[in-house]
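Novice: Give me the fold of what follows.
(2 chains)
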Number of protein chains: 2
Amino acid sequence: MSFSFSLISKDEKTGARLGRLATSHAATDTPAFMPVGTRAVVKTLSAADVKEIGYNLILANAYHLYLRPGNEFMETCGGLHKFMNWPGSILTDSGGFQVFSLAKLRKINDEGTLFQSHIDGSEHLFTPELSIKTQESLGSDIIMCFDDVRGYPVSEAEASEACRRTTLWAKRCLLAKKKVDPALFGIVQGSMYENLRKASAESLTALGFDGYAVGGLSVGEPQELMAEMISVTTPLLPEHSPRYLMGVGKPQDILDGVARGIDIFDCVLPTRNARNGTLFTRTGTINIRNSRYRNDSSPVDSECCCSLCRDYSRAYLRHLFSEREILGLRLATIHNLTFYREMMEGIRLAIKNDQFGFFKKVFLARMEDSDD
Amino acid sequence: MSFSFSLISKDEKTGARLGRLATSHAATDTPAFMPVGTRAVVKTLSAADVKEIGYNLILANAYHLYLRPGNEFMETCGGLHKFMNWPGSILTDSGGFQVFSLAKLRKINDEGTLFQSHIDGSEHLFTPELSIKTQESLGSDIIMCFDDVRGYPVSEAEASEACRRTTLWAKRCLLAKKKVDPALFGIVQGSMYENLRKASAESLTALGFDGYAVGGLSVGEPQELMAEMISVTTPLLPEHSPRYLMGVGKPQDILDGVARGIDIFDCVLPTRNARNGTLFTRTGTINIRNSRYRNDSSPVDSECCCSLCRDYSRAYLRHLFSEREILGLRLATIHNLTFYREMMEGIRLAIKNDQFGFFKKVFLARMEDSDD
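Specialist: Numbers count the residues shown, from 1 in each chain, chains lettered A, B, ... in the order given. Now for the predicted structure:
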């Protein structure tokens, strides 16, 4: 197996960690943010764009790519890297979250999840075995266990049942994995119940995975609850394995997660916000559709080195959005992903210098002046 | 004035010409095709993309940019080159065609054209003076006379009246031009009437312009009629001035135009077709939405060097179109504009080698095998 994770250092005052995650395709410094490329494309961008922005690791989704273009196609075409011309690493989500959030659920039992496709209503049974097979067909570098995800709030009984099933399925994922190369991550569930989170973390670490994800968060719960659940989970995970906080998040959430020992993040926020005209800047978010930017010849963020901020004014980006010219969506996406990449670089540098707490405070204070 | 046009050579057997058109921004070898960047953007592409594909000269439109973002804004922001970050040359159309084709026409008389904006219904009077002022505010390298365009078919009386007005307005455009730098082109009208075309060409050349356009074609007339009108016009234009065939066209039309001594072309065809999934290849057009490309791992055109053909399969492009991922629109646009750029390069090389007739025949014969 060519997967490895090295813990390089820890911030003295917080739980923040500096690490390096390597696959056969690329090495990625952690804490790292993964752009979301659900359907074999980071929306609006070519793989070359994503690389140029400075990413080595992206996320794709087993659920979507299983439905279209399908496993058989993916195998004959040589896998996802080749299909989308992406030279870096790929982590695929198992589909556990998507059958819960996107599909019309028909039935869930210990065998798997029966659901209707959100595309054409066709019925499919997703099992741990099929999820692993799908992710192996994609040729992912990091694959995730198929888990039983629930929303917020759920009763303790329901959360407990989902936890039990998640562990059962995690065992089957370990057995189902045929390829040596990909790393397999377990996903800690337990909703907002401390005892369940702990039990889930303990049973998964007992099974032994290449990395561990904290799942089932950012599903509508208050921010404090999310922070609390991360806090009870990470201390129970092996120090020398990478920790991935799924579907998170806002800059504040990422900084909080890093402080609690999280190494990897993914979220649609920077890319989705970009398409809505909301751009992150060091002094807060701006919505470029706002008429105040009509004659604004300054760049979106004067401290940003992306091609939008280097080559164009706020007025031009606003013009593109006003005229519904799709170049605007791409430029905004490039900017927001650059913002996230630079934020993660700042985080890593701060950890290295034992100044993460200070960095976090200053970063968030500067961002307070937002349009919204 | 930094504008110049050098006639380098003529094909011995046809009327095809090899030339070089220079502005203060860039030199462009002719025959040349101009990508259409109506609203300060070549749809789906950044200026850097357009440059990378190999273009030095693009077209933008006075009508659209006058309505939004407007002349005052354009002057304060430093002109169109800076606004859209385009280092090459810009030719702007005068708005004559657009008030005819897009706006709701209210009244046309010798003063100008009263129309309602296609965006918000607001009423505007476009005059030769306002068109020139608009194009000067944009900082265009080549500006066009404001002309009186009619559709097809029109009576000889109506066409004659439009010709008379076009000449009247051309005189006023010459007088209205304040800046030294931009080149001003006259536009020959006359609908499908030989005598009117001749009279229009003669009166415009008598006034003296930096270049001459053949306007009012490709408005629904049969291909033979268009060819005939070009044939009667170009011999009457000064040999050492550039000739621009407006809004044309298909590869066949461009090859025919070159054979009749045209130097510059523009058309939305390659960019619009791209967004509809129709891609030009050396062996004909293909529509990438067609299910036959679902598992096709070959490039769109194996002889093309664009980033789509270099990095991606037909199957991936089809996947992007199926999933409505806008990266597909950009990649297809890059491809089609590369196809046109390479076609123009082929044309120029053939003229240089006195083989244009042969090149044209082979090029069109190979393209016969299309999806449509």
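
Novice: what's the neighbour count on the residue of the stretch 51-200 of chain A at minimum distance from chain B?
Specialist: Nearest residue of the stretch 51-200 of chain A to chain B: residue A:85, at 4.3 Å (C-beta to the nearest C-beta). To be clear about C-beta, it is placed using only N, CA and C from the backbone, and glycine gets the same treatment. The tally of other residues near residue A:85 (other C-beta atoms under 10 Å in any protein chain shown) stands at 17.

Novice: Hmm, it is touching residue B:309, no?
Specialist: No. With contact defined as C-beta atoms under 8 Å, residue A:85 does not reach residue B:309; the gap is 11.7 Å.

Novice: the strands in the stretch 1-150 of chain A, which residues?
Specialist: With DSSP state E, counting those that start in this stretch, the ranges of strands along the stretch 1-150 of chain A come out as A:4-10, A:17-22, A:27-30, A:32-34, A:57-61, A:89-93, A:104-108, A:113-116, A:123-126, A:142-144.

Novice: what does the longest one contact?
Specialist: Contact partners of strand A:4-10, identified using C-beta atoms under 8 Å, 6 or more residues apart in numbering or on different chains, comprise A:16-22, A:30, A:210-211, A:239-242, A:263, A:351-352.

Novice: From those residues, keep the buried residues only.
Specialist: Listed as buried from these are A:16-22, A:30, A:210-211, A:241-242, A:263, A:351; burial here means 16 or more other C-beta atoms under 10 Å in any protein chain shown.

Novice: now for those residues, which pair is the farthest apart?
Specialist: Largest separation among the buried ones among the contacts of strand A:4-10 by C-beta to C-beta: A:210 and A:351, giving 22.5 Å.

Novice: wait, what's in contact with whichever residue of the stretch 251-372 of chain A sits closest to chain B?
Specialist: In the stretch 251-372 of chain A, the residue that lies nearest chain B is residue A:311 (4.3 Å; C-beta to the nearest C-beta). By C-beta under 8 Å, 6+ apart, the contact list for residue A:311 reads B:46-48, B:85.

Novice: filter these to the buried ones?
Specialist: Listed as buried from those are B:46-47, B:85; burial here means 16+ other C-beta under 10 Å.

Novice: Can you tell me which of these is closest to residue B:356?
Specialist: Using C-beta to C-beta, the buried ones among the contacts of residue A:311 come closest to residue B:356 at residue B:47, 31.4 Å.

Novice: if you skip the residues just before and after it, what's nearest to that closest one?
Specialist: Counting by C-beta to C-beta, 6 or more residues apart in numbering or on different chains, the nearest residue to residue B:47 once its immediate chain neighbours are dropped is residue B:86, at 4.2 Å.

Novice: just to revisit the earlier point, I'd like the buried ones among the contacts of strand A:4-10 as CSV, with pLDDT and distance to residue A:52 appended.
Specialist: Converted to CSV, the buried ones among the contacts of strand A:4-10 look like this (pLDDT from 0 to 100; distance: C-beta to C-beta, whole Å):
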residue, pLDDT, distance to residue A:52
A:16, 98, 28
A:17, 98, 27
A:18, 98, 24
A:19, 98, 24
A:20, 98, 21
A:21, 98, 21
A:22, 98, 21
A:30, 98, 21
A:210, 98, 29
A:211, 98, 27
A:241, 98, 31
A:242, 98, 25
A:263, 98, 24
A:351, 98, 25
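
Novice: what separates the residue most central in space within chain A from residue A:93, distance-wise?
Specialist: By C-alpha atoms, centre = their mean, the mean C-alpha position of chain A lies nearest to residue A:266, the distance being 1.6 Å. In this structure, residue A:266 and residue A:93 are 8 Å apart, going by C-beta to C-beta, to the nearest Å.

Novice: overlap in contacts of the two?
Specialist: Joint contacts of residue A:266 and residue A:93 (C-beta under 8 Å, 6+ apart) are A:59, A:246.

Novice: quick one, strands of the stretch 251-372 of chain A?
Specialist: A:264-266, A:278-281, A:284-287.

Novice: any residues touching the second one, and which ones?
Specialist: In other words, strand A:278-281. Under C-beta under 8 Å, 6+ apart, the answer for strand A:278-281 is A:251, A:270, A:273, A:285-288, A:300-301, A:304, A:317, A:332, A:335-336, A:339-340, A:367, A:371-372.

Novice: make it 7 Å
Specialist: Strand A:278-281 has contacts (C-beta atoms under 7 Å, 6 or more residues apart in numbering or on different chains) with A:270, A:285-288, A:300-301, A:332, A:335-336, A:339.

Novice: quick one: average confidence on that strand?
Specialist: For strand A:278-281, mean pLDDT rounds to 98.

Novice: Same check on the shortest one?
Specialist: Confidence for strand A:264-266, expressed as mean pLDDT, is 98.

Novice: what residues does it touch?
Specialist: For strand A:264-266, using C-beta under 7 Å, 6+ apart, the contacting residues are A:30, A:32-34, A:36, A:59, A:242, A:244-249, A:254, A:257.
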